[in-house]
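Asks: got a predicted structure plus its sequence, pasted below:
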Amino acid sequence: MAVDAMKAGKPMPPAVQAALFDICEATQRQGSRLWIDAEQQALQPGLDEWVIELMRKFNRGQTLVTNTIQAYLKGARANADRHVALAAREGWNVGLKLVRGAYIEHEPRQLIHDTKEDTDRCYDGISSMFINQTLPEAARGATKFPASVLFLATHNQASAHKAFAAHSKRVEAGLPTTVLESGQVMGMADELSCELLDNYDKCVEAGTMDRKSIPKIF
């Protein structure tokens with residue numbers, strides 16, 4: 001039922017909506033957060049609409065629900081811009097888990113960036129938009145970047161370094177920024193995970209940031 005509705009770009013079927021609302025309410029009671037993972041592009045546009053609907057309902061004054069965007073897609077930046085624009089205009093928090101992508105062998109080739117460098121630029125550009133609180137053109141009319149959480153799910157050291165350095169500068173300068181988090185799969189790029197954990201410990205010891213501002217590592 002859910003897959004058929006997603007493929008057709010239809011709203012959540014009532015039974016699916018009721019189940020997802022129950023999950024969100026249980027997540028809220030538990031004090032946890034809900035990350036919705038990405039799908040192949042045959043399903044993703046429909047899934048994006050469902051997750052935006054969940055954000056509209058549950059991300060008021062909190063970032064309970066987070067969507068996933070795959071940066072290897074040519075449409076990734078426009079999709080991220082749309083999430084930010086809707087949140088800015090409608091007054092809800094936007095949560096974004098940013099990955100490079102997981103379905104490269106199964107997607108239509110024309111949907112994917114032509115080179116890895118294009119993917120890297122897209123990934124870093126979306127990250128920069130959140131960290132530097134840059135409203136996209138799609139948010140014309142909005143005056144303020146929405147409250148946000150950016151979760152960098154990456155094993156790419158260069159992207160992590162750029163993001164953490166930019167975030168640190170914003171915090172130290174007293175400028176608004178996103179809540180920044182990072183995560184890696186255990187056993188993949190452990191050298192990056194350990195480096196980021198070490199950075200967290202150093203920030204705590206130095207007292208250069210309050211604990212809420214220091215990027216969390218998962």
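Replies: It's in.

Asks: residue 41 touches residue 109, doesn't it?
Replies: No. Contact between residue 41 and residue 109 fails when scored by Cβ atoms under 8 Å: they sit 11.4 Å apart. Glycine gets a C-beta too; all of them are placed from N, C-alpha and C.

Asks: quick one, which of these two is more surrounded?
Replies: Between residue 41 and residue 109, residue 41 has the larger neighbour count (other Cβ atoms under 10 Å), namely 16 against 7.

Asks: quick one: residues contacting the more buried one.
Replies: Listed by Cβ atoms under 8 Å, 6 or more residues apart in numbering, the contact set of residue 41 reads 73, 103, 107-108, 111.

Asks: and with 10 Å instead?
Replies: Each residue near residue 41 by Cβ atoms under 10 Å, 6 or more residues apart in numbering is listed here: 70, 73, 75, 103, 106-108, 111-112.

Asks: skipping its backbone neighbours, what lies nearest residue 35 in space?
Replies: Leaving aside its chain neighbours, residue 35 sits nearest to residue 66 (4.7 Å; criterion: Cβ to Cβ, 6 or more residues apart in numbering).

Asks: per-residue pLDDT of residue 36, please?
Replies: Model confidence at residue 36, given as pLDDT, is 97.

Asks: again but with residue 200, I slipped
Replies: Value for residue 200, per-residue pLDDT: 73.

Asks: OK, contacts around it?
Replies: 182, 209, 211, 214-217.

Asks: before we move on, back to that, for the residue nearest to residue 35, phi and psi?
Replies: Phi and psi for residue 66, reported as degrees, to the nearest 10, are phi -120, psi 130.

Asks: my read: it touches residue 59, true?
Replies: Yes. Counting by Cβ atoms under 10 Å, residue 66 does reach residue 59; the two are 8.9 Å apart.

Asks: got any residues that touch both of these two?
Replies: Common neighbours of residue 66 and residue 59, using Cβ under 10 Å, 6+ apart, are 93-95, 148-149.

Asks: and the residues you listed as TSV, adding pLDDT?
Replies: Shown next, in TSV, are those (pLDDT from 0 to 100):
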residue	pLDDT
93	98
94	98
95	98
148	98
149	97
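
Asks: and of these, the nearest to residue 82?
Replies: Nearest to residue 82 among the shared contacts of residue 66 and residue 59: residue 94, at 10.2 Å, using Cβ to Cβ.

Asks: report pLDDT for the closest residue to the closest one other than its chain neighbours.
Replies: Nearest non-adjacent residue to residue 94, counting by Cβ to Cβ, 6+ apart: residue 87, 3.9 Å away. The model reports residue 87 with a pLDDT of 98.

Asks: fine by me, we can end here.
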